[in-house]
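> Structure for this input, please:
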Amino acid sequence: MNSPMQISPLSLPPLALYIHLPWCVSKCPYCDFNSHQRPEIWPEDAYVDALLADLEQDLPRVWGRPIVSIFFGGGTPSLFSARAITRLLDGVRARLRVRPHAEITLETNPGTAEFDRFEGYLAAGVNRISFGVQSFADAQLKRLGRIHDGQQAQRAYAMARAAGVSNINLDLMYALPGQDLSAALDDVKRAIDLAPEHISHYHLTMEPNTVFAAKPPADLPDEDLAWDMQEGCQGMLAEAGFEHYEVSAYARPGMRCQHNLNYWRFGDYLGIGAGAHGKLTDMDQQQIVRLAKQKHPRLYLACAGQPASLQTLDVLPARQLPFDYMLNALRLHEGFSREDFAARTGLDSAQVPALSKALADGLMEEQAQVLRPSPLGARFLNDLMARFLPD
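Here you go, the predicted structure:
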């Protein structure tokens with residue numbers, strides 16, 4: 001696709017807020033997120049000050065728009081005290097209009113879980129906890145560099161429930177080093193037995209610039225075994241009543257992750273914190289911009305709230321928009337309409353040759369005015385997404 005014509009005005013999508021808390025107890029060998037080992041001198045208060053200064057600087061870009069969800073990601077957000085999270089959320093509410101009952105998620109490492117903190121997080125307004133369990137098998141957790149074991153994961157879950165948390169996600173990974181089909185299924189069974197509202201089930205991947213990428217484990221499952229794990233676990237989750245609504249996401253009825261849905265539907269989001277990214281629709285200029293903040297925590301702390309804290313600010317060219325849209329929308333099982341595509345990108349889907357070709361090749365299907373990957377396209381989703389890369 002050369003230079004597609006903008007055929008309709010952009011519509012203003014929902015706006016979410018992502019808050020990045022970049023420190024961990026230790027760095028996992030598979031992790032490519034912007035995370036750093038916790039320093040000996042813990043700059044908790046200084047970092048909250050920096051986040052609020054960062055938000056102040058972004059306010060003119062989103063003034064008057066309500067926030068539909070907030071997500072604390074990391075790193076390990078649960079290293080932060082309830083007092084710090086309270087001060088931060090109070091500061092957010094003083095500067096932005098947060099919708100009543102907005103979903104507010106805080107990622108938690110089971111190895112850092114404390115009962116009093118869960119009570120404090122709830123009192124601050126957090127209403128969803130996402131546990132990075134990854135596996136319940138101690139040997140697997142050790143290979144993954146996790147600081148918790150299977151029993152700690154179960155205890156952390158029980159503490160959260162006892163504190164009153166009513167919306168919990170469990171992150172699990174499969175295709176782990178040395179893992180067989182029965183072990184992958186056992187992890188899912190143990191997660192289901194805990195009765196969470198949501199389960200995220202990811203294939204372990206060798207991400208660039210990670211320890212595993214530099215030295216991949218020799219005993220990773222092959223593609224056929226990984227596929228058997230995926231299908232077997234999907235069947236088990238479906239039988240337990242979890243809706244498979246996105247490639248790696250499964251939810252009880254009415255409990256989909258609203259924050260992630262906004263990403264996948266190509267909504268807008270502010271990102272504050274070291275290395276945080278944002279995507280915003282500029283209605284005046286009829287363009288979409290992506291922003292990124294300074295990545296290293298030390299540098300971020302030094303310049304938050306100043307122009308130097310903004311590492312990049314890029315306007316998405318029209319030729320890039322189909323790929324950016326499809327990279328998100330193709331993950332959702334609900335699909336999307338041509339009207340959705342036009343409203344979010346300002347482009348005519350009929351002028352996207354890759355879409356017509358994917359339909360013709362049977363990698364996508366269109367039924368009742370809804371476009372989505374076909375079963376074949378879903379199996380080879382990365383290849384399908386790559387078709388939309390700009391020339």
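> contacts, neighbours, all on C-alpha from now
Noted.
> residues touching Ala160, list them.
115, 118 (CA atoms under 8 Å, 6 or more residues apart in numbering).
> Surely it is within a strand?
No - the assignment for Ala160, made by DSSP: H, G, I helix; E, B strand; the rest coil, is helix rather than a strand.
> From Ala84, how far off is it?
Ala160 is 19 Å from Ala84, where distance means CA to CA, to the nearest Å.
> cool, Leu371 as well?
Counting by CA to CA - Leu371 and Ala84 are separated by 44 Å.
> just Phe323 next, same as before
With CA to CA as the criterion, Phe323 and Ala84 are 38 Å apart.
> Please report phi then psi for Val289.
phi -120, psi 150 (degrees, to the nearest 10).
> What's the local residue count around it?
A count of nearby residues for Val289, using other CA atoms under 10 Å, gives 17.
> give me phi/psi at the closest residue to it other than its chain neighbours?
Leaving aside its chain neighbours, Val289 sits nearest to Val315 (4.4 Å; criterion: CA to CA, 6 or more residues apart in numbering). Phi and psi for Val315, reported as degrees, to the nearest 10, are phi -90, psi 130.
> how far away is Val315 from Gly125?
34 Å.
> for Ala238, same thing?
In terms of CA to CA, Ala238 sits 31 Å off from Gly125.
> quick one: which of the two has more around it?
Gly125 (17 against 14).
> That one: what's it in contact with?
Counting by CA under 8 Å, 6+ apart, Gly125 has contacts 86, 89, 104.
> Can I get the buried part of these as one ChimeraX selection?
To isolate the buried members of the contacts of Gly125 in ChimeraX, using 16 or more other CA atoms under 10 Å:
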select :86,89,104
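> Which ones among the contacts of Gly125 map onto strands?
Using DSSP state E, the members of those that fall in strands are Ile104.
> would you turn the contacts of Gly125 into CSV with distance to Pro221 and pLDDT?
Formatted as CSV, those follow (distance: CA to CA, whole Å; pLDDT from 0 to 100):
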residue, distance to Pro221, pLDDT
Thr86, 43, 98
Leu89, 42, 98
Ile104, 36, 98
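> Nearest to Gln311, out of the contacts of Gly125: which one, please.
Distance to Gln311, by CA to CA, is smallest for Leu89 among the contacts of Gly125, at 24.5 Å.
> pLDDT score assigned to the nearest residue in space to that closest one that is not next to it in sequence?
Spatially, and ignoring its direct neighbours in sequence, Leu89 is nearest to Ala124 (6.9 Å; CA to CA, 6+ apart). Confidence at Ala124, expressed as pLDDT, is 98.
> residues near Ala124, how many?
19.
> Look up how far Leu88 lies from it.
Counting by CA to CA - Ala124 and Leu88 are separated by 9 Å.
> Also Asp116?
Asp116 is 18 Å from Leu88, by CA to CA.
> So for those two, which sits in the more crowded spot?
Set side by side, Asp116 and Leu88 show more neighbours around Leu88, with 20 against 13, by other CA under 10 Å.
> quick one: that one from Ile70, how far?
Counting by CA to CA, the gap from Leu88 to Ile70 is 12 Å.
> Over to Glu365?
33 Å.
> Compare the two and say which is more crowded by neighbours.
Ile70 (24 against 18).
> Touching, the more buried one and Ala102? I think so.
Yes - at 7.5 Å, Ile70 counts as touching Ala102 under the criterion of CA atoms under 8 Å.
> Helices of the stretch 51-200 of the chain, start to end?
82-95, 115-124, 138-143, 150-163, 181-194 (DSSP state H, counting those that start in this stretch).
> Adding distance to Ser8, write these out as CSV.
Shown next, in CSV, are those (distance: least, CA to CA, whole Å):
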stretch, distance to Ser8
helix 82-95, 32
helix 115-124, 41
helix 138-143, 50
helix 150-163, 47
helix 181-194, 45
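> Which among those helices is found nearest to Leu301?
helix 82-95 (15.4 Å).
> Determine the set of other helices and strands touching the closest one.
helix 44-62, helix 115-124 (3 or more CA pairs under 8 Å, 6 or more residues apart in numbering; DSSP states H and E).
> who touches it?
Taking CA under 8 Å, 6+ apart as the rule, helix 82-95 contacts 44-45, 48, 51-52, 55-56, 59, 117-118, 120-121, 123-125.
> try 6 Å
117, 120-121, 124 (CA atoms under 6 Å, 6 or more residues apart in numbering).
> Out of those, which is nearest to Ala358?
Once CA to CA is applied, the member of these that ends up nearest Ala358 is Tyr121, at 45.6 Å.
> Which pLDDT value goes with that closest one?
97.
> Roughly how far does the nearest residue to it once chain neighbours are set aside sit from Ser166?
Nearest residue to Tyr121 in three dimensions, chain neighbours excluded: Ala82, at 5.3 Å (CA to CA, 6+ apart). In this view, Ala82 and Ser166 are 18 Å apart by CA to CA.
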